[in-house]
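In: Sequence below, structure please.
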Amino acid sequence: LSFFGDDKAKVTKFKSALLNIAQNPILSQCSVGSILKSAFNLAEVGVEISPILGQAYILKYKNDAEAVISYKGWMALIEKAGKRVKAFSVFKCDEFNIDLSDFDEVITFKPNFNQRRESDDSWYQENLVGVLVKVKDMTDGYVKNTFVTKDKIEKIKGKSPSAKSQYSPYNQWAEEMYLAKAIKYALSREALNFTDENIKKAINLDNELDIKLQEQARAEKPKDELES
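Out: Numbering: from 1, shown residues only. Predicted coordinates for the structure are as follows:
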């Protein structure tokens with residue numbers, strides 16, 4: 001494990017990732033190279049595969065293992081970089097509006113908790129309008145708001161790996177995964193404002209999987225849809 005140098009924390013994260021992979025029967029079907037690469041990438045970024053922490057997952061996509069950073073993983077990375085992030089799911093039943101007529105946007109958001117059923121993954125995906133991401137710099141208090149529409153998130157994530165599997169986080173934790181993609185998108189737009197190398201590595205890592213899934217989704221579309 002000399003490729004981690006003297007960073008014992010990364011070595012520990014790498015070993016933890018391999019242990020969690022070994023306990024997942026689905027991932028035993030993946031190529032050894034992709035398993036090692038996924039475990040290495042997550043350790044290098046600084047997030048852990050742990051059922052308790054829930055910062056990242058490794059999924060089976062075709063014959064390969066693929067690393068996915070969760071909502072909690074992004075939160076942990078951003079906090080280490082001296083910023084805080086909050087992400088809010090916005091549904092059809094909520095009152096939501098962004099007024100851009102003035103220099104500073106005015107956001108109105110009143111969740112309808114009586115009609116919300118966000119713990120139901122199917123309801124969540126059917127009723128989601130988008131995700132409001134708020135990133136606060138703890139040094140000067142500046143808050144950057146980004147609203148990411150559901151269509152944008154769907155385009156970003158493409159076709160999720162293991163989509164029909166009970167192990168897929170998109171089926172088990174839809175809210176967490178949609179929030180994660182929205183946060184990644186918001187951070188990507190503000191990448192120049194982040195000097196933290198781990199966040200840059202995390203964005204690049206997640207982008208690699210997104211591109212692969214987007215290409216797969218396009219390849220599986222009927223010809224008439226591609227031409228329209």
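In: The residue nearest the centre of the chain - nearest residue in space that isn't next to it in sequence?
Out: Closest to where the C-alpha atoms of the chain average out (CA atoms, centre = their mean) is Ala180, at 3.0 Å. Once flanking residues are discounted, Ala180 sits nearest to Tyr71: 4.4 Å by CB to CB, 6 or more residues apart in numbering. For glycine as for every other residue, the C-beta is placed from the backbone atoms N, C-alpha and C.
In: The one you found - how many residues pack around it?
Out: Close neighbours of Tyr71, defined as other CB atoms under 10 Å, add up to 24.
In: quick one: buried residues of the single longest helix found in the chain?
Out: Of all segments of type helix in the chain, defined using DSSP state H, the longest is helix 197-220. Residues of helix 197-220 classed as buried by neighbour count (16 or more other CB atoms under 10 Å): Asn198, Ile199, Ala202, Ile203, Leu205, Asp206, Leu209, Asp210, Lys212, Leu213.
In: Quick check: the fifth one touching Ile69?
Out: In other words, Leu205. Yes - applying CB atoms under 8 Å as the test, Leu205 and Ile69 come out as touching, 7.2 Å apart.
In: So in this structure, where's the weakest helix or strand by average pLDDT?
Out: Least confident helix or strand of the chain, by mean pLDDT, DSSP states H and E, is helix 223-227 with a mean of 50.
In: that older thread, kindly reformat the buried residues of helix 197-220 as TSV containing pLDDT.
Out: Below are those laid out as TSV (pLDDT from 0 to 100):
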residue	pLDDT
Asn198	82
Ile199	85
Ala202	88
Ile203	87
Leu205	86
Asp206	85
Leu209	79
Asp210	78
Lys212	78
Leu213	72
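In: Who are the packing partners of the helix or strand that contains Ser38?
Out: Assigned by DSSP states H and E, Ser38 falls within helix 32-45. Secondary-structure packing of helix 32-45 (3 or more CB pairs under 8 Å, 6 or more residues apart in numbering; DSSP states H and E): helix 8-22, strand 56-61, strand 64-69, helix 197-220.
In: Counting by contacts, list what the last one packs against.
Out: Spelled out, it's helix 197-220. helix 32-45, strand 56-61, strand 64-69, helix 71-80, helix 150-157, helix 174-189.
In: Can I get that helix in CSV? Just the C-alpha atoms.
Out: Only the C-alpha atoms of helix 197-220 are listed here, as CSV (Å, rounded to 0.1, in the frame of the first residue of the first chain):
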residue,chain,number,x,y,z
GLU,A,197,-8.0,18.7,-3.8
ASN,A,198,-10.3,16.0,-2.4
ILE,A,199,-13.4,17.8,-3.7
LYS,A,200,-11.9,18.2,-7.1
LYS,A,201,-11.0,14.5,-7.1
ALA,A,202,-14.5,13.5,-6.0
ILE,A,203,-16.1,15.6,-8.8
ASN,A,204,-13.8,14.0,-11.4
LEU,A,205,-14.5,10.5,-10.0
ASP,A,206,-18.3,11.0,-10.1
ASN,A,207,-18.1,12.6,-13.5
GLU,A,208,-16.4,9.5,-14.9
LEU,A,209,-19.3,7.3,-13.9
ASP,A,210,-21.9,9.8,-15.1
ILE,A,211,-20.3,10.0,-18.5
LYS,A,212,-20.2,6.2,-18.8
LEU,A,213,-23.9,6.0,-17.8
GLN,A,214,-25.0,8.8,-20.1
GLU,A,215,-23.3,7.0,-23.0
GLN,A,216,-25.0,3.8,-22.1
ALA,A,217,-28.4,5.5,-21.8
ARG,A,218,-28.0,7.0,-25.3
ALA,A,219,-26.9,3.7,-26.8
GLU,A,220,-30.1,2.0,-25.4
